[in-house]
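[1] predicted model follows, preceded by the sequence.
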Amino acid sequence: MNPTTREAPVTEPDKVSAARAAGTALVRHRHLVLWLLSLPVLGLLVAITATSELFYGHLIVITMVFAALATAWNIVGGFAGQLSLGHAGFFGVGAYTSSILYVDHGISPWIGLFVGMVLAGLMALLIGIPTFRLHGPYFALATLAMGAILLNMAVNFRELTGGEGGLSIPFEPSWANMTFADRWPYAIIMGIFLLICLGVSFVIANTRLGYQLAAVREDEEAARALGVNSARVKLIAGTVSGLLAGGVGAIYAQYILFINPESVFGINVSIQIIVLAVVGGSGVVLGPLIGALILVPASQFLLRDFGGDLPGLHTLVYGIVVIVVVLFAPRGVHGLIRSTVERLTAHRSRR
Amino acid sequence: MTDDLILRVSGLTKRFGGVTAVNSVDIELRRGELLALLGPNGAGKSSLFNLIAGAVKPDAGTIEAFGQDVTADPAHKMCAQGLARTFQIVRPLAGLSVLDNAMVGAFAKTHSVREAQRRASTALELVGLAHLSATKAGSLTLGFRKRLEVARALATQPQLLLLDEMMAGLNPAELDKFIDVLRSVHREGVTLIVVEHVVHAVMQLATRIVVMAQGRKIADGEPRTVMASPDVVAAYLGDEYVVA
């Protein structure tokens, strides 16, 4: 509370000051409030998925998928400022790992989910160990190359991956198979995974690791002089990020029940993830979620309404939206909201 | 190494291509000293700093600090052991608030957010930046940026603090304030090495002076004796100014 508001209320009615006190408490405990709100919101989304037409159910699940991916990307791309141009690689490794284990070996996708996460995390670790010791764009280049290599591997290792034709996952609905006839169980699973991604981000951002990552992002040499083991913190961020993206891949495969190289390893997927995070606001916990909430439904609506008659129009409109946001809100939608709120509160306290 | 010896540099050499920036330098520093490192531009002062702080690896020679050989230790390890440094060209973490900048420093020695916040606030108060805690570091003036640089280093709770030309570019009022800050830091038991061009300020503060020229140490001792030595006058002003 700033000093001007404290001096004022002598003549003010009690109701106003009580409301203001409640407001202050809300601001102070806003993280707790948001977390408490997340469960009923998730419940509501699941209910909508269960009752509304197919399109809206799909919209909710796919928004959650991309929100979780962008949130995972943000841990290394936003917090640590290490641009990953190949996050589809981690996503695809998760998707292919759990699918291959399930289709070829009958292993439950629940186990595949964890194996996929571990493999994706290991891959991030292997890329990070050599590149995070160096200055410059080496991590970005390595992730770009990784995405391209994995795409080619998925195309060419036909016996394992089914090649261009992709992998179809058998439709045998049950919780043990993580396969369902309805969409709402997917909304529950993906929603919980999204909350896990947000929770991990939140914990990182508000502890020592988050401060050290921000320091590395701003100025690596200064960070090192302040006792930050920069290679180590970047490696932790990259591994956690890859791990989470791999988990999203496994759940996504079970939802779509069909994956092919382009749909999970494609460069479009990597770009989409970055765009969501940057438009929403990279480097802040809720930024990627905000980006996904705006852009994923927008692109789905555009695809539904214009995809048939004017193919390609939805990507054009999508591109324009991105350009407008980047021009008018360079720190993302989250940054725009924050600066607006700050301007409003500054105005009020001046009066 | 005796107990009160905090730093011993022996035969330290660093070459950049054909230039020998630091040429077989020996320095011993006792706990509680305030050593001023002087010398004309290009004398090798900043290179010596970078070597001691672990930012650059030496070509020859050894560095012992806090009783151990730290010659090959990287910067973050040196910081964890109790050595903090500032940069000649200030490097604020521009996108972070002043408080967050100092907290990054504090996290060198603690994992607790609350404790880091406390140490950061104490350091900011000491340098007179507490009222700007919430400001973005990138929007500070040069004088404030320099103070932030010091606060951030202090928040790491160093035993040995290296300050690289913190007084250059300050106006007289800022300079006086800065000298006060250095005094109180020194009084709290921190050993300091300061590189400075502002000689009169250094003369007020230093317990000892080392002068470098062309990568070599040319004088080492009491401030008055050192500043009167013919070698030092020659290095600064040229041979013809030496009064025999």
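    The structure has been received and is ready for your questions.
[2] for A:Ile100, give its distance to A:Ile323.
    39 Å (CB to CB, to the nearest Å). For glycine as for every other residue, the C-beta is placed from the backbone atoms N, C-alpha and C.
[3] between those two, who's got more neighbours?
    Neighbours were counted for A:Ile100 and for A:Ile323 using other CB atoms under 10 Å in any protein chain shown; A:Ile100 has more, 19 against 10.
[4] quick one: contacts for that one?
    A:160-161, A:167 (CB atoms under 8 Å, 6 or more residues apart in numbering or on different chains).
[5] likewise for A:Leu37?
    Contacts of A:Leu37 by CB under 8 Å, 6+ apart: none found.
[6] got any ranges where chain B has weak pLDDT?
    Residue ranges of chain B with pLDDT under 70: B:1-3, B:237-244.
[7] quick check, the residue in it closest to chain A?
    Closest contact between chain B and chain A, by CB to the nearest CB, is at B:Ala108 (2.8 Å).
[8] so that residue touches A:Leu226, yeah?
    Yes: counting by CB atoms under 8 Å, B:Ala108 touches A:Leu226, with 5.9 Å between them.
[9] quick check: neighbours shared by those two?
    Residues touching both B:Ala108 and A:Leu226 comprise B:79, B:156, with contact defined as CB under 8 Å, 6+ apart.
[10] how many neighbours does residue 203 have?
    Went with chain A since none was named. Residues within reach of A:Val203, counting by other CB under 10 Å, total 12.
[11] can you look at chain B instead?
    Counted with other CB under 10 Å, B:Met203 comes out at 15.
[12] A:Met146 too?
    Neighbours of A:Met146 (other CB under 10 Å): 24.
[13] quick one: pLDDT of it?
    Model confidence at A:Met146, given as pLDDT, is 94.
[14] could you check how far it is from A:Leu126?
    For A:Met146, the distance to A:Leu126 equals 9 Å [CB to CB].
[15] ditto for B:Met103
    Counting by CB to CB, the gap from B:Met103 to A:Leu126 is 32 Å.
[16] quick one: which of the two has more around it?
    Comparing B:Met103 with A:Leu126 by other CB under 10 Å, the one with more neighbours is B:Met103, at 30 against 14.
[17] give me the mean pLDDT for the strand or helix carrying A:Ala21.
    Secondary structure assignment for A:Ala21, by DSSP states H and E: helix A:14-28. Mean pLDDT, computed over helix A:14-28, is 69.
[18] could you count how many residues lie near the residue of chain B closest to chain A?
    Every residue meeting other CB under 10 Å relative to B:Ala108 is counted, giving 26.
[19] now the element after the top helix by length along chain B, going C-ward?
    Across chain B, the longest stretch assigned as helix under DSSP state H is helix B:172-187. Moving toward the C-terminus from helix B:172-187, the next helix or strand (DSSP H and E) is strand B:191-195.
[20] any chance you could list what contacts that next one?
    Contacts of strand B:191-195 (CB under 8 Å, 6+ apart): B:6-7, B:29-38, B:45-46, B:49, B:52, B:88, B:159-166, B:182, B:185-186, B:202, B:205-206.
[21] repeat that for stretch B:177-185.
    B:34, B:126-128, B:146-147, B:150, B:154, B:161, B:163, B:166-167, B:170, B:192, B:194, B:201, B:204-205.
[22] just the buried residues of those.
    Neighbour-count burial (16 or more other CB atoms under 10 Å in any protein chain shown) is assigned, among these, to B:34, B:126-127, B:146-147, B:150, B:154, B:161, B:163, B:166-167, B:170, B:192, B:194, B:201, B:205.
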